[in-house]
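Visitor: Here's a sequence, model it:
(chains A and B)
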Amino acid sequence: MSKGIIIAGLIVFLIVATFPVWYTSAAGGSRPQPEPPARDAKVFEGKEYRCVEDKVYMTGNHMQLLDNWRNLVVREGERFYTSEAGEQYEMSLTKTCLKCHPERDRFCNKCHDYANVYPTCWNCHVELNGNEPKGN
Amino acid sequence: MNAVISLVAVVVLFLVGLLGGWAGILFGVIIPYLAVALFLGGLIYRVISWANVPVPFRIPTTCGQQQSLPWIEQAKVDNPSTTFGVIVRMALEVLIFRSLLRNTKTVLRESGKIAYAGSLALWLGAMMFHWSLLVILLRHLRFLTEPAPFLITILQEVDGFLLLQVWMPVLYLSSILFLVGLAYLLFRRLASPQLRYISLAIDYFPLFLLLGIGISGLWLRHLSKTDVGSIKELAVGLVTFSPVVNNTINSLFFGHIFLVCVLLAYFPFSKLVHMAGVFLSPTRNMANNNRAVRHVNPWDYPVKTHSYEEYEDEWREKMKGAGVPVDKE
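Guide: You can find the predicted model right below:
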């Protein structure tokens, strides 16, 4: 093969291989991960709420926890969850998560959009605060 | 033994990466940059050095009837005589590994007779591994680009949907095919005594390395989950040259990323560079037009010739005088 073609192929490869670099710069540059929003309702109706599990666990595993809850409640009929710390919670979004994280746009979409994940939760669940649904 | 050495090497490298969490800047920033620089620089170096190798002869492997008289049907792809035929042949080779379809196995029948049969297992394993690797690489663009391109989102949704959206987070089909393909390619080397005999440590090392990357990646996604936001912040920071390492990233991520760095750095200097080399195989990328086109070996030095006409011109008078017949009076 002639050298010209080989060099041309090499240049095409380099352009493709550096796609994340020029694409991200062209699309607006880096963006730090969204800051977790300040909690609105840590104290709610005179009672202080803590998350069912600690923050590190929830950051990584909230999807699994929610999935487990769904399965336990809907399929097994179990309604109570005992946390690592030994506290009992009713497995209900309205009575736990949504107390402190009521808005989908602020608490779900912000990070999900950043990480480019589109879970199907809201296909069935009703949004409390009337946020406009965003496409999945 | 070769396999054991390679396995131990990969395990040690993985453990080194696991410890990397304590030196996030080194393992999250410096080593990835070095690895990518080695990958791109090494690949350029290899390809340029190949480009400088003269290919004086037309040596395509011909696998069918060459171009001949008009009433003899030519195998236009297996024995291409035009650039278009070569492009089709190369595309089929690069995209669907057509030459692996020719793989055969030899069986000794109970009757004592030897039988040969086609064997598609290697082709299937290679297809599974390579294509799912491509899909996995593309899927990882969701970390490396901000915002992620629409097509990447479609790809990841389809990849999850094909396995019926099982598990949480959704299990990707490509993750499974990648590991199954690799496991078969490893099994193939270990199971056959003939193949084991010719397999070196450098044959096993990439297999174990890729398996290590695949397993640690799957583990990271499904079992020991970490803070994806911080990982994306690091990845996007790396591609925009302003990296930030958060301490919320777990050590398994560093094990995973370190194996990827080893793969990238090792890539251009190993058999894996067939990614670039396949395009430069002289037995595939040349048209079989030996007889239709004159190919001059660039090494040929100018040969001093003395034709009969020149000889006659030089000696004509003496030839005439001696009565020797001449062509030109």
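
Visitor: Span of stretch A:107-125 from start to end?
Guide: Length of stretch A:107-125, first residue to last, Cα to Cα, to the nearest Å: 15 Å.

Visitor: Pull out the buried residues from that stretch.
Guide: In terms of neighbour count (16 or more other Cβ atoms under 10 Å in any protein chain shown), stretch A:107-125 has its buried residues at A:107-118, A:121-122. For glycine as for every other residue, the C-beta is placed from the backbone atoms N, C-alpha and C.

Visitor: How about residues contacting it?
Guide: For stretch A:107-125, contacts defined as Cβ atoms under 8 Å, 6 or more residues apart in numbering or on different chains pick out A:31, A:33-34, A:37, A:63, A:66, A:93, A:101, A:104, A:133-134, A:136, B:142, B:146-148, B:152-153, B:156-157, B:169, B:228-229, B:232.

Visitor: could you pull out the strands for the chain?
Guide: In the absence of a named chain, chain A is used. For chain A, the strands identified by DSSP state E occupy A:43-44, A:47-48, A:80-82, A:88-90, in order along the chain.

Visitor: actually it's chain B I care about, not the one you picked
Guide: Listed in chain order, the strands found in chain B under DSSP E are B:104-108, B:114-118.

Visitor: Kindly reformat those as JSON lines containing distance to chain A and mean neighbour count.
Guide: Compiled in JSON lines, the strands of chain B are given as follows (distance: least, Cβ to the nearest Cβ, whole Å; neighbours: other Cβ atoms under 10 Å in any protein chain shown):
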{"stretch": "strand B:104-108", "distance to chain A": "30", "mean neighbour count": "10"}
{"stretch": "strand B:114-118", "distance to chain A": "31", "mean neighbour count": "9"}
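
Visitor: Pop the domain breakdown of chain A in here.
Guide: Here the domain assignment for chain A is A:1-30, A:31-124, based on automatic domain parsing.

Visitor: For the first one, give the mean pLDDT please.
Guide: pLDDT averaged over domain A:1-30 equals 89, rounded to a whole number.

Visitor: Can you list the buried residues in that domain?
Guide: Residues of domain A:1-30 classed as buried by neighbour count (16+ other Cβ under 10 Å): A:1, A:6, A:9, A:10, A:13, A:20, A:21, A:23, A:24, A:30.

Visitor: Please list which of the residues you listed are also close to chain B.
Guide: Of the entries in those, the ones placed beside chain B under the rule of Cβ under 8 Å from any Cβ of the partner chain are A:1, A:6, A:9, A:10, A:13, A:20, A:21, A:23, A:24, A:30.

Visitor: Closest to residue B:205 out of these?
Guide: Minimum separation from residue B:205 among those (Cβ to Cβ) is found for residue A:13, which lies at 24.2 Å.

Visitor: which parts of the stretch 51-200 of chain B sit against chain A?
Guide: By the rule Cβ under 8 Å from any Cβ, the part of the stretch 51-200 of chain B lying against chain A is B:51-52, B:55, B:141-142, B:144-149, B:152-153, B:156-157, B:168-169.

Visitor: ok, now with 7 Å
Guide: Taking Cβ under 7 Å from any Cβ of the partner chain as the test, the list of the stretch 51-200 of chain B residues beside chain A reads B:51, B:141, B:142, B:144, B:145, B:146, B:147, B:148, B:153, B:168, B:169.

Visitor: mind listing what residue B:163 touches?
Guide: Each residue near residue B:163 by Cβ atoms under 7 Å, 6 or more residues apart in numbering or on different chains is listed here: B:171, B:172, B:173, B:176.

Visitor: Considering these, which possesses the most neighbours?
Guide: residue B:172 (24 neighbours; other Cβ atoms under 10 Å in any protein chain shown).
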